[in-house]
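Chemist: Dropping the sequence and predicted coords here.
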Amino acid sequence: MILGEKIYVAGHNGMVGSAIVRRLRAEGYENLVLRSSKELDLRRQTEVESFFQQERPDYVFLAAAKVGGILANNTYRAEFLYDNLMIQNNVIEAAYQNEVKN
Ligand SMILES: NC(=O)c1ccc[n+]([C@@H]2O[C@H](COP(=O)([O-])OP(=O)(O)OC[C@H]3O[C@@H](n4cnc5c(N)ncnc54)[C@H](OP(=O)(O)O)[C@@H]3O)[C@@H](O)[C@H]2O)c1
């Protein structure tokens, strides 16, 4: 990745996403686009499409997910499946449509 190109880290407040942001900044990548789930709900396709059309990131790291332990995963199986399928599908399709490099 070229320094200065725009990088969107989805899930930057989370354990994985925050580690990615720390690593990127340590390596000199400062043009980061970050949104909390309150600012951008990645389950909502039209919101995701608008965000990508407006920001046009060059690279995307997808670390956003509904994450639970074994009990929560087993108790709320449909909710976990729905949220995570929607998040991944919306982000991957919007990245493809907006010519994200990687
Ligand atoms: N933790 C590990 O050791 C580990 C290892 C390998 C893989 N993973 C995978 O990495 C991913 C992230 O795990 P994690 O441990 O970092 O989870 P986490 O700490 O719970 O963080 C998940 C992040 O996803 C965001 N998010 C959730 N729902 C969202 C939505 N509807 N719209 C936008 N953002 C949403 C949250 O944003 P807000 O904070 O803004 O609400 C949160 O910061 C998961 O797929 C997990 O399976 C984790």
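Modeler: Thanks, I have it.
Chemist: Only alpha carbons, please: show the helix or strand encompassing residue 60 as CSV.
Modeler: If you go by DSSP states H and E, residue 60 is part of strand 59-62. What follows is strand 59-62, C-alpha atoms only, in CSV (Å, rounded to 0.1, in the frame of the first residue of the first chain):
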residue,chain,number,x,y,z
TYR,A,59,-8.0,-0.1,0.7
VAL,A,60,-10.4,-1.8,3.2
PHE,A,61,-9.7,-3.8,6.3
LEU,A,62,-12.9,-5.6,7.5
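Chemist: Any part of it near the ligand?
Modeler: No - Strand 59-62 lies out of reach of the ligand by Cβ under 6 Å from any ligand atom, never closer than 8.1 Å. C-beta: built from backbone N, CA, C; applies to glycine.
Chemist: And the contacts of that strand?
Modeler: 1, 5-11, 17, 20, 87-88, 91-92, 95, 100-102 (Cβ atoms under 8 Å, 6 or more residues apart in numbering).
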